[in-house]
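Asks: Generate coordinates for the sequence data below:
(one chain, ligands or ions: 1)
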Amino acid sequence: MLRNKLDALSAQALSEISQASTSEALELVRISYLGKKGSLSEVLKGLGEVPAAERPAIGALANESKRKIESALENQKSLLEEKELSQKLSKEKIDPTLPARSLHRGSLHPVTQVTRKLLQVFGRLGFEVTTGPEVETEFLNFEAVNIPKDHPARDMQDTFFMGPGVVLRTHTSAVQMRVLRSQSWPVRILCPGAVYRCDQDATHLPMFHQVEGLWVDQGVKMSDLKGTLEFFAKEVFGPGTKIRLRPSYFPFVEPGAEVDVSCFQCANGTSSGSGKKTGSCRICKDTGWLEILGAGMVHPRLFELAGKNYELPNSLGKKVTGFAFGMGVERIAMLLHQIPDLRLMTAGDTRFLGQF
Ligand code: FA5
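Replies: Next comes the predicted model:
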């Protein structure tokens, strides 16, 4: 009786297994026969009623049925898995003709671009790059460049004090004394770097960048300074650009000048040279000129402070003199790209920065 039941069950199970068309359906078949409450377990519960003499034979038959079912399940499982994998692969075919997703490419910040351009232009004139610390002594930032204790530039309004006698440098001119003390002439250096002032509006940032130039050698003249800056202006703003020097005061140079370039937007350095009004220009506000830097001949006081007496006649009988200049990198980028507000440069908006 039980033998017949087992045979029928086994035949039924094998047929259901062969008909299962998905892994899920096959798992349901497995549970329905071999699960704790499955049909085979139910049939085997009747084993106790079988006469003891027949039990071993029936037990062996039950094991045989179970083994057959398990082996059929295993076979069907691997068939189904193979079938499902090939279905999946055919659905997920890669189409190499689809256009690729566009990658977001980074870009160099305009300050980096302008700095690199300046280093390259002055590099062609033999200027070597040097650097100095952004946290500087009050002495090197001020006294050493002839800015006395009562000078307004030292005001708490302008300078970030880090502690007694220590400031965030307010200009790259702070490296001048480091260079003059550590090197002998000839000196021809360019110092790019961040500087800090308590200042913030559309044309002033609390942290901005300057590039300082210093050239010390025998018989360096104001005309050398002018020629150097003319070369720089033409390279950076275009070949038609002119410059003009207006007398100005910086304690560390004598004579000192503020340097303007002719407006490259409205007159491209031609009619603006005469100072003529050229129409409504957003860049130069119709003056024809743009102020871009401070410059002048190194003040003799700086050589004294550096402990170098260059006044003594040297081998060629010429005095050692020098010129220096300092320019604001953001302001140059602002002019080149017509950026209306310097604060955009530090806002970190990649949509803005990606334009350059
Ligand atoms: C100086 O800092 C002098 N050390 C430059 C110098 C060097 C003169 C050597 C003579 C010889 P000034 O304070 O004008 O000068 O600043 C130089 C340039 O930095 C300015 O022309 C301007 O382009 C830029 N600048 C000044 N303040 C700011 C600011 N808050 N934000 C952005 N750019 C500024």
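Asks: hey, let's count contacts and neighbours off CA atoms from now on
Replies: Will do.
Asks: Now do the buried residues in the helix or strand of the chain with the lowest mean pLDDT.
Replies: None of the helices or strands of the chain scores lower by mean pLDDT, DSSP states H and E than helix 39-45, at a mean of 83. With burial defined by 16 or more other Cα atoms under 10 Å, the residues of helix 39-45 counted as buried are Ser39, Leu40, Ser41.
Asks: Could you measure from the last one over to Ile31?
Replies: Plainly put, Ser41 is 11 Å away from Ile31 if you go by Cα to Cα, to the nearest Å.
Asks: just to revisit the earlier point, who are the packing partners of the least confident helix or strand of the chain?
Replies: Applying 3 or more Cα pairs under 8 Å, 6 or more residues apart in numbering; DSSP states H and E, one finds that helix 39-45 contacts helix 2-19, helix 23-34.
Asks: Would you format the buried residues of helix 39-45 as JSON lines with distance to the ligand included?
Replies: Converted to JSON lines, those look like this (distance: Cα to the nearest ligand atom, whole Å):
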{"residue": "Ser39", "distance to the ligand": "86"}
{"residue": "Leu40", "distance to the ligand": "87"}
{"residue": "Ser41", "distance to the ligand": "86"}
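Asks: Beyond the longest strand that the chain contains, next helix or strand please.
Replies: Longest strand in the chain, counting residues (DSSP state E): strand 207-218. For strand 207-218, the following helix or strand on the C-terminal side (DSSP states H and E) is helix 222-237.
Asks: does any part of that next one sit near the ligand?
Replies: No: counting by Cα under 6 Å from any ligand atom, the ligand has no neighbours in helix 222-237; the shortest distance is 10.7 Å.
Asks: Show me what the helix with the most length in the chain is packed against.
Replies: In the chain, taking DSSP state H as the definition, the longest helix is helix 55-91. Packing partners of helix 55-91 (3+ Cα pairs under 8 Å, 6+ apart): helix 2-19, helix 23-34.
Asks: Now with 7 Å, please.
Replies: If contacts are counted by 3 or more Cα pairs under 7 Å, 6 or more residues apart in numbering; DSSP states H and E, helix 55-91 sits against helix 2-19.
Asks: looking only at pLDDT, what's the mean for the helix it packs on?
Replies: Mean pLDDT, computed over helix 2-19, is 89.
Asks: Pull out the buried residues from that helix.
Replies: Applying 16+ other Cα under 10 Å to helix 2-19 flags Leu2, Leu6, Leu9, Ser10, Ala13, Leu14, Glu16, Ile17 as buried.
Asks: which of those residues lies closest to the ligand?
Replies: Taking Cα to the nearest ligand atom as the measure, the ligand lies nearest Ile17 of the buried residues of helix 2-19, at 80.0 Å.
Asks: ok, that closest one - contacts?
Replies: Leu26, Val29, Ala72, Leu73, Gln76 (Cα atoms under 7 Å, 6 or more residues apart in numbering).
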